[in-house]
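>>> For reference, the sequence and a predicted model appear below.
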Amino acid sequence: MLIGLVCSVKKEASRIVTEIKDQTPSRYFNLDFLSGVLKDRKVVLVFSGVGKVNAAYATSVLLCRFDPDIIINFGIAGAFPGLNLPIGGIALSEEECYADEGILLDRGFSDMRFIGIPLIKSNGKDLYNMIPVSKGLLNQAKSGLQRYNIDYWSGRFITVSTVTGTKHRAEYLWRRYRPVCESMEGAAVAHVARASNKDFLEIRGISNLVGRRDRRQWDCETAASRCEEALLRILEHL
């Protein structure tokens, strides 16, 4: 089994890079890949860059060049205050949501279902803004974290093009989606994995609370470190 790992930036995966054994670097289509063995699992890691297009592009090249059996997206994210996730907490996605794709009318935002155009067809089903994750893989991840007594929160993740930096916007997104956290890549990685019939998992370490932007309250280093630790424990359980 080959596991594809997708992370947006290198500083969120410094430990993972260090712990990969038998490293073989490669470069395809302006993307750097690192193949090797991590926790006795064959892996290939790619740094996608920030945002949905970069994430989808990197995942597509990863699939075409290496054909992994599983895709795992990991890194840091902002958590919504309504769930009381602590900074450094771990979140697992149960469903991926494109929060921006749709239409903005005078009466407010409507998603792709309102427009009537699915973003993807999968297993004969039209998928609009919501992309399901692989339940079997998710359950394995939960079991791996439980085995090592690592607390986690799970639920819907939203993917945005613009990071939320106001209390008003955060409250709107919470009312509409009840999300655990937001990132800028997750749904795009899930989209490509789903289109390619590959199992997908997303795990995030919480760096901040979504709302009024105050970088003094962020802790990206702890979030990345905790996420890497959780990912390593999950890999041991796969």
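Everything's here; your move.

>>> Helices of the chain, residue ranges please.
In the chain, the segments counted as helices under DSSP state H are 14-19, 52-66, 112-115, 135-147, 167-177, 186-195, 220-237.

>>> weakest of these by average pLDDT?
Looking at the helices of the chain, the lowest mean pLDDT belongs to helix 112-115 (a mean of 92).

>>> What residues sit buried inside that helix?
M112 (16 or more other C-beta atoms under 10 Å). All C-beta spots, glycine's among them, are computed from the backbone N, C-alpha and C.

>>> So which elements touch it?
In terms of contacts (3 or more C-beta pairs under 8 Å, 6 or more residues apart in numbering; DSSP states H and E), helix 112-115 is packed against strand 102-105.

>>> Give the pairing partners of the strand it packs on; include direction for each.
Here strand 102-105 has these sheet partners by DSSP bridges: strand 108-111 (antiparallel).

>>> from the middle of its chain, how far away would the strand it pairs with be?
Chain-centre distance of strand 108-111: 24 Å, with C-alpha atoms, centre = their mean, to the nearest Å.

>>> likewise stretch 214-230?
Centroid separation for stretch 214-230 versus its chain: 15 Å, with C-alpha atoms, centre = their mean.

>>> Buried ones in it, by neighbour count?
For stretch 214-230, the neighbour count (16+ other C-beta under 10 Å) marks W218, D219, C220, T222, A223, A224, S225, R226, C227, E228, A230 as buried.

>>> Over to stretch 42-56?
Within stretch 42-56, the residues scored as buried using 16+ other C-beta under 10 Å are V43, V44, L45, V46, F47, S48, G49, G51, K52, N54, A55, A56.

>>> next one: stretch 125-133
For stretch 125-133, by 16+ other C-beta under 10 Å, it's L127, Y128, N129, M130, I131, P132, V133.

>>> What is the end-to-end distance of that stretch?
14 Å (C-alpha to C-alpha, to the nearest Å).

>>> Need the residues that contact it.
Contact with stretch 125-133 is made by 93-99, 101-102, 111-113, 118-121, 187, 190-191, 194, 200-202, as judged by C-beta atoms under 8 Å, 6 or more residues apart in numbering.

>>> give the contact list for the residue lying closest to I72 once chain neighbours are set aside.
The spatially closest residue to I72, leaving aside those adjacent along the chain, is L201, at 4.9 Å (C-beta to C-beta, 6 or more residues apart in numbering). Residues in contact with L201 (C-beta under 8 Å, 6+ apart) are I70, I71, I72, N73, L92, S93, V133, S134, L137, L138, A141, I234.

>>> What about the second one, how many residues nearby?
Think I71. Using other C-beta atoms under 10 Å, I71 has 25 other residues around it.

>>> you'd agree it is up against T59?
Yes: using C-beta atoms under 8 Å, I71 is in contact with T59, at 6.5 Å.

>>> so what sits against both of these two?
Residues touching both I71 and T59 (C-beta under 8 Å, 6+ apart): G4, V6, V189, V192, A193.

>>> Widest-spaced pair of those residues?
Farthest pair in the shared contacts of I71 and T59 (C-beta to C-beta) is G4 and V192. Separation: 10.4 Å.
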